[in-house]
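Participant: show me the folded form of this:
(4 chains)
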Protein chains: 2
Amino acid sequence: MPATDRLSQSLTRHGLRQTAVRRAVLQVLAESPYALSGGEMEPLLPPDTDRITLYRTLKSFEESGLIHRVIDTSDVVRYAACSIECSADAHFDNHVHFKCTNCLHIYCLNQVTIPAVTLPAKFEALTRDYLLGGVCRECQPA
Amino acid sequence: MPATDRLSQSLTRHGLRQTAVRRAVLQVLAESPYALSGGEMEPLLPPDTDRITLYRTLKSFEESGLIHRVIDTSDVVRYAACSIECSADAHFDNHVHFKCTNCLHIYCLNQVTIPAVTLPAKFEALTRDYLLGGVCRECQPA
DNA sequence: AATTAATATGCAATGTTGTTGCATTTAAAC
DNA sequence: GTTTAAATGCAACAACATTGCATATTAATT
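Facilitator: This is a model prediction of the structure:
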């Protein structure tokens, strides 16, 4: 199955309409090995893509479970494509994220699940995010 | 020992000069049960506190290990006072954070340490951040 | 294939968060 | 008290993100 068909199917499956911008944004995210902010996506999208439409696209993607926000200590929101099929109701992205102190990229470590913790009384956790900082594979000294 | 003296000592111990703004900012953070952004601190500070000075204060506090950034999926930077004495060189805040989906406050769970994970080859972690999402103690239904 | 209704888009304007440069003031060392 | 390095406050600016509204487009219906 061609890649474009897969993108279209993803949109349909999440109840989203087919548009050129949406397919382009989804493709950029699906092809990126690391999480991207809106500003970082812009140069990767077709030249005249509207900035506001981009932000609205990211919002609806997030709401429909197509992408997820990645936690960070920085001041911008970054997104990554959900690795397995999440929905608006349930996110199954319980993997660890890794931020490289050198290249600043944030990778999804899909094979590493977030370990549970025991909480104090009367705190109940529904979601968990885990971010590691260090030097990534690409930036390791040879 | 009075609270103001303790604040002054904290500043001195981290090699920071005594100023009215710094004592005020440190006090606000020390007294807050949850992490605060710059914008959230403003109304809690003396009326004419300069916004730019506030941001610069937060920056120098962070650099000297007096406060730490709290990870979040949002687009603002939030800070919390370091619970134990960290320095510019070493941060010892390996505790879990908890964000309430109802009141949106982020709490430091100082008693819960972040569990370690096993990483893929060639990834090396130096820092770890763990954020839980759920309903906090205050927002639990009775 | 045309019609229609709901949704997505693109523009203008605006808001929020955070930063930089520079002149002035102040803390603390002497 | 004098000195000096650092902090402050103002103006201007930059990046990120949102809102309202008119227009264009999708996809369902005939």
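Participant: can you list the residues of chain A near DNA strand D?
Facilitator: Within reach of DNA strand D by Cβ under 7 Å from any atom of the strand, chain A has these residues: A:12, A:17-20, A:37-39, A:51-52, A:55-56, A:59, A:75-77. Every residue, glycine included, has its C-beta placed from N, CA and C.
Participant: now the two most distant members of the residues you listed.
Facilitator: Checked with Cβ to Cβ, those reach their widest spread between A:T12 and A:D75, with 34.6 Å between them.
Participant: please, a ChimeraX command that selects the buried ones among the residues of chain A next to DNA strand D?
Facilitator: Entered in ChimeraX, the line below selects the buried ones among these, by 16 or more other Cβ atoms under 10 Å in any protein chain shown:
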select /A:37,38,77
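Participant: A:I67 and A:Y79, how far apart?
Facilitator: Going from A:I67 to A:Y79 by Cβ to Cβ, to the nearest Å gives 5 Å.
Participant: what residues are shared contacts of these two?
Facilitator: By Cβ atoms under 8 Å, 6 or more residues apart in numbering or on different chains, A:I67 and A:Y79 have these common neighbours: A:L29, A:L58, A:F61.
Participant: spatially central residue for chain A, please.
Facilitator: The residue lying closest to the centre of chain A (Cα atoms, centre = their mean) is A:A80, at 1.3 Å.
Participant: hmm, that one is touching A:D72, no?
Facilitator: No - contact criterion Cβ atoms under 8 Å: A:A80 and A:D72 do not qualify, at 11.4 Å.
Participant: shared neighbours, the two?
Facilitator: Here A:A80 and A:D72 have A:I106 as joint contacts, going by Cβ under 8 Å, 6+ apart.
Participant: for A:C139, give me the pLDDT.
Facilitator: Looking at A:C139, its pLDDT is 89.
Participant: what packs against the strand ranked longest in chain A?
Facilitator: Criterion DSSP state E: the longest strand present in chain A is strand A:124-135. On a contact count with 3 or more Cβ pairs under 8 Å, 6 or more residues apart in numbering or on different chains; DSSP states H and E, strand A:124-135 meets strand A:95-100, strand B:124-135.
Participant: hey, which of those is tucked in deepest?
Facilitator: strand A:95-100 (a mean of 24; mean count of other Cβ atoms under 10 Å in any protein chain shown).
Participant: that strand pairs with which strands?
Facilitator: Each strand paired with strand A:95-100, and its direction, by DSSP bridges: strand A:106-113 (antiparallel), strand A:124-135 (parallel).
Participant: in CSV: the ones you listed, plus distance to DNA strand C and mean pLDDT.
Facilitator: Shown next, in CSV, are the strands paired with strand A:95-100 (distance: least, Cβ to the nearest atom of the strand, whole Å; pLDDT from 0 to 100):
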stretch, distance to DNA strand C, mean pLDDT
strand A:106-113, 18, 90
strand A:124-135, 17, 91
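Participant: quick one on the thing from earlier: for the residue nearest to the centre of chain A, what are its contacts?
Facilitator: A:L29, A:S32, A:Y34, A:A35, A:L36, A:I67, A:H68, A:V70, A:I106, A:C108.
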